[in-house]
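> okay, predicted coordinates and the sequence, questions at the end:
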Amino acid sequence: MKRSPILRIATILGFIFLYAPIVSLVFFSFNENKLVTVWSGFSFKWYGELLQNDQLIRAAWLSLQIAAISATLALVLGTLASVALVRFRRFRGKTLMVGMISAPLVMPDVIIGLSLLLLFVSMEQLIGWPAGRGMMTVIIAHSTFGMAYVAVVVQSRLSDLDISLEEAAQDLGATPARVFFDITLPIISPALVSGWLLSFTLSLDDLVIASFVNGPGSSTLPMVIFSKIRLGVSPDVNALASIIIGIVAIGVIGAMALSRKSEKPSG
Amino acid sequence: MTFMDALAADNRPWAFVRRMLAKVGLSGRGLVIAAPMLWLLIFFLIPFLVVTKIALSELVIASPPYAPMITWTAAGELIVKLNFGNFQFLLGDPLYLNAYLSSIKIAGISTVVALLIAYPMAYFIARANGRTRNLLLMLVVLPFWTSFLLRVYAWIGFLKGNGVINNFLMSVGIIHDPLVMLQTDFAVYIGIVYTYLPFMILPLYANLVKLEDDLLEASADLGARPFTTFLTITLPLSLPGIIAGSMLVFIPAVGEFVIPSLLGGPNTLMIGRVLWDEFFSNRDWPVASSVAIVMLLVLVIPIMFMRNAQERMEERNQ
């Protein structure tokens, strides 16, 4: 079937729909006017103001720490789960594990947030841990849904992997652990990187779950942004959004260029 | 394996760890399974049991604000108090039933609209040649990596009274008074379609890219018009992709909180928002838990649907 012009127009309109709000958001971040969408002149002033906002910077730093730690935990747990599910033929509870690891992908945030908070409260009553809520409980919550995303990415890479390489190493006398660290890990490392980045981004972006499991006094960046934009648009949020979008765009384009480079030699 | 190799292998730090673990009866294999399994049991499965327990308890003014379900009397008797009142309360108050129905309606209509927008895009990308295809795919994925909250925020600036759309329409002279778009159900539909569109495009693309040209050519050779070919070949073959994509949009949309609270009006009733208010404003943990349980029950059927579709897609890929 030839590509019809209707298809082309529909695709272009679809992309306009996807990008118009983002482009206008970035455009108006350079607006001097306090009324965000009424243009009155080019200015960097909202970016300057951003640097003065201590609350925002503190929240951003906290969010980055939470995202880095929970993505790392999610990477370890998610990779272990993937190895168990893809490489081990049968073990007790395998079906349960398949269900538990894929469920967070489709579970609404409000349910995950509420159920974890109630768990933390009950645990505190029963065993006294975790005492109060804050950074630690947010990290636990984010690692739990992050590992589900890591598992999706790593599982698909592991099942594509040519198992004869691992078998060869094993035949040559390497222990399973050595096979994993010397053969499997280097080959699946691109999947590990994208799994880590995925859970890092999701953690950085999460408002609902963090609002449930967080304690007082440790607002994450999305919580601060949410309470600001509930009151309407504000120019410094536009500036902040533009910075985040810029970093993400550079990161994604860079990662894609890198992965294409590494794919080329193998064909 | 030579003796030297064995020695070298044993010098690795993990070999030492492995020996230590073996002493307490743990194999490497057991550990690989146990670590994620325990984590998921404690932080994913047990929380649902806790929610169920609290949904069956009574609200009390205390911290935490619910009555214990199991108590021991002084005489050593065990008292289990199950309270189904919260569920009765949900059934009795039309607010909750309306919220569930309205969530399903909003999520359902948004899913259909997202499908109508995504299908031609996914088809076009799947049929494009290598370089264009990669570029377009990247453009689909890129918004997904940027903050969800900020993408919803972008629509506030677009839809509000003196926002981009109204300013444009008024300057062109199509309208004279600004349209009221923000804080309406319309804005919620747009917000959901917009944020979940990549989730619809990607499974559709993954499915359509496997469609073989031979089938389409054979159909054309046999005299079918493009539209007939689409209806009889392309559409039925892409059904698993349609179902997977639709469920990936529908399921999270039902429980959506951020979009209705930022773009919707005070009358936009969605169950995620009701749960949030019960919890944070009313501090009624038992009712919030019951709302969550009923929401899960509502979502079980679409989740089963999705898993089924995914399995069928995987089978075909093999």
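Noted; the coordinates are in hand.
> quick one: least confident helix or strand in the chain?
Chain wasn't specified; assuming chain A. Lowest mean confidence among the helices and strands of chain A (mean pLDDT, DSSP states H and E): helix A:235-263, at a mean of 80.
> mind listing what's buried in that one?
A:235-242, A:244-245, A:248-249, A:252, A:255-256 (16 or more other Cβ atoms under 10 Å in any protein chain shown). C-beta coordinates here come from the backbone N, C-alpha and C atoms, glycine included.
> near chain B, from the residues you listed?
Among the buried residues of helix A:235-263, proximity to chain B is found for A:V237, A:N238, A:A241, A:I244, A:I245, A:V248, A:A249, A:V252, A:M256 (Cβ under 8 Å from any Cβ of the partner chain).
> the first one is in contact with A:S227, isn't it?
No - using Cβ atoms under 8 Å, A:V237 makes no contact with A:S227, being 11.0 Å away.
> burial measure for B:G157, as a count.
24 (other Cβ atoms under 10 Å in any protein chain shown).
> pretty sure it is in a helix, no?
Yes - looking at B:G157 with DSSP: H, G, I helix; E, B strand; the rest coil, it is inside a helix.
> tell me the residues of the stretch 151-267 of chain A that contact chain B?
So far as Cβ under 8 Å from any Cβ goes, the stretch 151-267 of chain A lies against chain B at A:172-178, A:181, A:201, A:204-205, A:207-208, A:211-212, A:222, A:225-226, A:229-230, A:232-233, A:237-238, A:241, A:244-245, A:248-249, A:251-253, A:256, A:260.
> distance check, A:M136 against chain B.
Distance from A:M136 to chain B, counting by Cβ to the nearest Cβ, to the nearest Å: 12 Å.
> check contacts around that residue.
Going by Cβ atoms under 8 Å, 6 or more residues apart in numbering or on different chains, A:M136 touches A:P130.
> just checking, next helix/strand downstream of the helix or strand where it lies?
Using DSSP states H and E, A:M136 falls within helix A:135-160. Next along the chain after helix A:135-160, taking DSSP H and E as the criterion, comes helix A:163-171.
> now do that next one: everything it contacts.
Against helix A:163-171 from outside (Cβ under 8 Å, 6+ apart): A:P176, A:R178, A:V179, A:D182, A:I183, A:T184, A:I187.
> quick one: which of those is most hemmed in?
That'd be A:T184 among the contacts of helix A:163-171, by other Cβ under 10 Å, with 21 neighbours.
> so that residue makes contact with A:R157?
No - A:T184 is not in contact with A:R157 according to Cβ under 8 Å; the separation is 9.9 Å.
> burial of the spatially closest residue to B:A220 that is not a sequence neighbour, as a residue count?
The shortest distance from B:A220 to any non-neighbouring residue, by Cβ to Cβ, 6 or more residues apart in numbering or on different chains, is to B:T229 (6.3 Å). Per other Cβ under 10 Å, the neighbour tally for B:T229 reads 19.
> buried stuff in the helix or strand hosting B:P302?
Assigned by DSSP H and E, B:P302 belongs to helix B:285-317. By 16+ other Cβ under 10 Å, the buried positions in helix B:285-317 come out as B:285-296, B:298-299, B:302-303, B:305-307, B:309-310, B:313.
> contacting residues around the residue in the stretch 101-250 of chain A that chain B sits nearest to?
At 2.4 Å from chain B, A:P108 is the closest residue in the stretch 101-250 of chain A, using Cβ to the nearest Cβ. The contact partners of A:P108, by Cβ under 8 Å, 6+ apart, come to B:I251, B:P252, B:V254, B:G255, B:E256, B:G272, B:M295, B:L299.
> could you list which of the residues you listed also contact chain A?
Answer for the contacts of A:P108 near chain A (Cβ under 8 Å from any Cβ): B:I251, B:P252, B:V254, B:G255, B:E256, B:G272, B:M295, B:L299.
> next step: those restricted to helices.
B:I251, B:P252, B:V254, B:G272, B:M295, B:L299 (DSSP state H).
> any chance of those residues in TSV, plus pLDDT?
Below are those laid out as TSV (pLDDT from 0 to 100):
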residue	pLDDT
B:I251	90
B:P252	90
B:V254	93
B:G272	93
B:M295	90
B:L299	88
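> which strand or helix spans the closest residue in space to A:A241 that isn't next to it in sequence?
Sequence neighbours aside, B:L150 is the residue nearest to A:A241 in space, at 4.2 Å (criterion: Cβ to Cβ, 6+ apart). Assessed by DSSP H and E, B:L150 sits inside helix B:148-159.
> whatever helix or strand comes next after that helix vs helix B:148-159, what angle?
Following helix B:148-159 in sequence order, the next helix or strand is helix B:164-172 (DSSP H and E). Relative orientation of helix B:164-172 versus helix B:148-159 (axes from the mean of the first three to the mean of the last three Cα atoms, to 10 degrees): 20 degrees.
> can you list the residues that contact helix B:164-172?
With Cβ under 8 Å, 6+ apart, helix B:164-172 has contacts from A:S24, A:T37, A:V38, B:G157, B:F158, B:L159, B:K160, B:I175, B:H176, B:P178, B:L179, B:M181.
> quick one, what contacts the last one?
The reference is to B:M181. B:L159, B:K160, B:G163, B:I165, B:N166, B:A187.
> before we move on, what about A:I229?
Counted by Cβ under 8 Å, 6+ apart, A:I229 has contacts A:V237, B:L149, B:Y153, B:I156, B:L262.
> ok, those residues vs A:Y149, which is closest?
B:L149 (18.1 Å; Cβ to Cβ).
> next, count neighbours for the nearest residue to the closest one once chain neighbours are set aside.
Nearest residue to B:L149, sequence neighbours excluded (Cβ to Cβ, 6+ apart): A:P222, at 5.3 Å. By other Cβ under 10 Å, 24 other residues sit near A:P222.
> tell me the angle the helix or strand hosting A:P222 makes with helix A:235-263.
Using DSSP H and E, A:P222 sits in helix A:221-229. If you take the same axes, to 10 degrees, helix A:221-229 sits at 140 degrees to helix A:235-263.
> distance check, A:G78 against chain B.
7 Å.
> residues touching that residue, list them.
A:G78 touches A:I101, A:G146, A:M147, A:A148, A:Y149, A:V150, A:A151, A:V154, A:G195, A:S199, B:P36, counting by Cβ under 8 Å, 6+ apart.
> could you give me the PyMOL syntax to select whichever of the residues you listed are buried?
PyMOL command restricting the contacts of A:G78 to the buried ones, with burial defined by 16+ other Cβ under 10 Å:
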select buried, (chain A and resi 101+146+147+148+149+150+151+154+195+199) or (chain B and resi 36)
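> follow-up on the earlier one: just the ones next to chain A among the contacts of A:P108 now: which is nearest chain A?
Among the ones next to chain A among the contacts of A:P108, and counting by Cβ to the nearest Cβ, the member closest to chain A is B:G255, at 2.4 Å.
> nearest residue to the closest one in space, please, no chain neighbours.
B:G255 sits nearest to A:P108 (Cβ to Cβ, 6+ apart), 2.4 Å away.
> for the one you found, give its distance to B:A99.
13 Å (Cβ to Cβ, to the nearest Å).
> cool, B:G163 as well?
B:G163 is 28 Å from B:A99, by Cβ to Cβ.
> cool, A:R58 as well?
36 Å.
> more neighbours, those two?
Legend: neighbour count by other Cβ under 10 Å for A:R58 and B:A99, higher for B:A99 (21 against 14).
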